[in-house]
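Enquirer: sharing a model that was predicted from the sequence below.
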Amino acid sequence: MKLQSLTGMRDLFEEDLKLFQKIEKSAQEILDFYGFRKIETPILEMSELFERGSGQSSEIVQKQMFSFRSKGGDFLSLRPDYTPSIMRAYFQHGMDVLPKPVNLWYSGSCFRYEKPQAGRYRQFYQLGIEVLGSESWITDTQVVYLFFKILETIGLNNLIIKINTIGDSQCRPYYKKTLSEYLRRRRNSLCADCKNRLKLNPLRVLDCKEEKCQVIKKEAPQLLNHLCGDCHKHFEKFLEGLDELSLPYNLDPYLVRGLDYYTRTVFEIFKENSEENIKQEINEKEEKEVNETKKQEEKETQIALGGGGRYDNLAKLFGWKETPAVGFGFGLDRIIGLIKKTEKKELKLPPVPRVFLAQVGELAKKKCLGLLEKFRKEKIRVAESLFRDSLGLQLKIADKLGVRYVLILGQKEVLEEKIIIRDMKTGKQAVVNLKKAIKEIKKPGR
Ligand code: HAM
């Protein structure tokens, strides 16, 4: 059996890793300004935290947790998301006595046992915020603003935010009953999973991506028409706030989110799939290709770049003090996928090194170690292949890298304290004093 990374888990390096760091940096700059403090929680927690927090009827708890029993007999799980851990940490460290709201942000890996496909991994990365201690609609508006602003700052455009409210413990039970009755009458047309979801939580049916369930969903009663007075007011004010900030949003009356802890405001962000955007990107292609690209675009725009919402009852579920809260989480893997796709056309190659340091013989190899450091200090980008012995191969590599000057150090040169400079463009070579090599390379015109 070949040893390789597990399905849905990947190594991060080079371009992907750089993009991760770039996004984190941009997010941090914005979040610092708005008074957010970073928090990191353990990857492993007691399973109960997620089972009760995310909810028994959620797909995550039902099918997607990486759980096991520890040697000490505890049931543990790799975090599928951060939100329950943040709430735990908030109480564990007495943050509930701090002036409200408490603004926290995080960035790290989460784990869900999902079928890997485009934009869906088993180990994926979330960057998110949680604002704890405010029940006001204005906090929802501010959170959505930050959600949008961070993505906009890192250069994503044509984004659309889907918004809904799922009410609270006053109005949702009544709606659930109405929805349940509607779904039960159509039970035979639901997929097998939804028949089960109907028993546990009918709201989950609204989340189903199966075509036949989508058809049923289209006619289903909407929570918007069953909101209690307080939830209605909260939602109305929140929407006014979004309008004030001119944020691009669509109302999606069937957006319920996949986690049980949400109350009132929920939202997700997508890349907008407008005809104009597609045309702009592919206007030179043949019609057949256009259709293919459209299909692919449609698929990709269906996956959310991030999501969030209010979760006023999560603390109460664990017997902690009632704490209204709202937050969001981005999927960094998906954002990076999108950036790479849109930037592909002007993908930059790594900068060409100024020189290549080639060597022949053990003595020269050793001498190169110190020489490299001198170049670093002078901020001259050098490539090398010290582990190789063949000069021919080293020159080939220098050529492949597109390096103009190769410095060649052999046994004779070391002893004479000289070095050869070879111009790869003209093929001309010159011998210079080793001590003057850097000065020579820095000469104007070189
Ligand atoms: P979520 O919608 O489950 O919400 O996940 C947030 C984002 O994580 C998704 O929109 C998606 O971009 C990314 N994501 C989820 N699963 C995967 C996967 N298997 N592979 C790649 N990316 C994925 C939450 O997790 C909530 N805790 C967000 C939140 C914070 N709500 C309130 N505060």
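Expert: Looks like it arrived, so ask away.

Enquirer: list the residues that contact the closest residue to Met87 other than its chain neighbours.
Expert: Excluding the flanking residues, the one nearest Met87 by Cβ to Cβ, 6 or more residues apart in numbering is Leu314, at 5.4 Å. Bear in mind the C-beta positions are built from the backbone N, C-alpha and C, glycine included. By Cβ atoms under 8 Å, 6 or more residues apart in numbering, the residues touching Leu314 are Gly53, Thr83, Pro84, Met87, Tyr261, Thr323, Ala325.

Enquirer: mind checking how far Leu314 is from the ligand?
Expert: Distance of Leu314 to the ligand, given as Cβ to the nearest ligand atom, to the nearest Å: 9 Å.

Enquirer: quick check, central residue of the chain?
Expert: For the chain, Leu332 is the residue whose C-alpha lies nearest the centre (Cα atoms, centre = their mean; 0.7 Å).

Enquirer: leaving out chain neighbours, which residue sits closest to it?
Expert: Tyr125 is the one closest to Leu332 (Cβ to Cβ, 6+ apart), at 3.9 Å.

Enquirer: ok, Ala27 next?
Expert: Spatially, and ignoring its direct neighbours in sequence, Ala27 is nearest to Ile150 (4.9 Å; Cβ to Cβ, 6+ apart).

Enquirer: for Glu440, same thing?
Expert: Distances taken as Cβ to Cβ, 6+ apart place Val432 nearest to Glu440, at 5.0 Å, with adjacent residues excluded.

Enquirer: mind checking pLDDT for the residue nearest to the centre of the chain?
Expert: At Leu332, the predicted lDDT confidence score is 97.

Enquirer: I'd say it and Phe124 touch.
Expert: Yes. With contact defined as Cβ atoms under 8 Å, Leu332 counts as touching Phe124 (7.5 Å).

Enquirer: tally of neighbours for Asn196?
Expert: 14 (other Cβ atoms under 10 Å).

Enquirer: please apply the same query to the one 3 residues further on.
Expert: Using other Cβ under 10 Å, the number of residues around Lys199 comes to 10.

Enquirer: so it: helix, strand or coil?
Expert: Per DSSP: H, G, I helix; E, B strand; the rest coil, the local secondary structure of Lys199 is helix.

Enquirer: low-confidence regions, the chain specifically.
Expert: 273-301, 343-350 (pLDDT under 70).

Enquirer: name the residues of it found near the ligand, please.
Expert: Within reach of the ligand by Cβ under 6 Å from any ligand atom, the chain has these residues: 81-83, 112, 114, 119-121, 124, 126, 128, 130, 258, 304-309, 311, 327-329, 331, 333-334.

Enquirer: for Val352, see how far away Tyr405 is.
Expert: Using Cβ to Cβ, to the nearest Å, Tyr405 is found at 11 Å from Val352.

Enquirer: looking at the two, which is more packed in?
Expert: Tyr405 (18 against 11).

Enquirer: what sits against that one?
Expert: Counting by Cβ under 8 Å, 6+ apart, Tyr405 has contacts Arg354, Val355, Phe356, Ile421, Arg422, Asp423, Met424, Ile441, Arg446.

Enquirer: for it, name its beta-bridge partners.
Expert: Beta-bridge partners for Tyr405, by DSSP bridges, are Val355, Asp423.

Enquirer: likewise the one 4 residues further on?
Expert: In this structure, Leu409 has beta-bridge partners Gln359, where bridges are defined by DSSP bridges.

Enquirer: which residues touch Arg187?
Expert: Lys195, Leu198.

Enquirer: name the nearest of the contacts of Leu314 relative to the ligand.
Expert: Thr83 (3.9 Å; Cβ to the nearest ligand atom).

Enquirer: relative to Lys321, how far out is the closest one?
Expert: Distance, Thr83 to Lys321, using Cβ to Cβ: 17 Å.

Enquirer: over to Lys63?
Expert: For Lys63, the distance to Lys321 (Cβ to Cβ) stands at 32 Å.

Enquirer: Gly94 too?
Expert: For Gly94, the distance to Lys321 - Cβ to Cβ - is 11 Å.

Enquirer: cool, Glu240 as well?
Expert: For Glu240, the distance to Lys321 - Cβ to Cβ - is 30 Å.

Enquirer: of those two, which one has the most company?
Expert: A direct count of neighbours by other Cβ under 10 Å for Glu240 and Lys321 places Glu240 higher, at 11 against 8.

Enquirer: which residues does the more buried one contact?
Expert: Contacts of Glu240 by Cβ under 8 Å, 6+ apart: none found.

Enquirer: now do the SS call for it.
Expert: Relying on three-state DSSP, one would call Glu240 helix.

Enquirer: any idea how many residues pack against the residue of the chain found nearest the ligand?
Expert: Residue of the chain nearest the ligand, by Cβ to the nearest ligand atom: Gly331 (2.2 Å). Residues contacting Gly331 under the criterion other Cβ under 10 Å number 22.

Enquirer: please name the residues that touch Gln222.
Expert: Pro253, Tyr254.

Enquirer: which helix in this structure has the most residues?
Expert: helix 14-33 (DSSP state H).

Enquirer: can you give me the strands in the stretch 1-150 of the chain?
Expert: For the stretch 1-150 of the chain, strands defined by DSSP state E, counting those that start in this stretch occupy the ranges 37-38, 44-46, 67-69, 75-78, 102-111, 123-132.

Enquirer: sheet partners, orientation included, of the fourth one?
Expert: Strand partners for strand 75-78, identified by DSSP bridges, are recorded as strand 44-46 (antiparallel), strand 67-69 (antiparallel).

Enquirer: the shortest one now?
Expert: If you go by DSSP bridges, strand 37-38 pairs up with strand 102-111 (parallel).

Enquirer: what's in contact with the strand it pairs with?
Expert: The contact list for strand 102-111 (Cβ under 8 Å, 6+ apart) reads 24, 27-28, 31, 34-41, 43, 65-66, 78-82, 86, 90, 95-96, 122-133, 332.

Enquirer: which among those end up buried?
Expert: 24, 27-28, 31, 36, 39, 41, 65-66, 78-82, 86, 90, 95-96, 122-133, 332 (16 or more other Cβ atoms under 10 Å).
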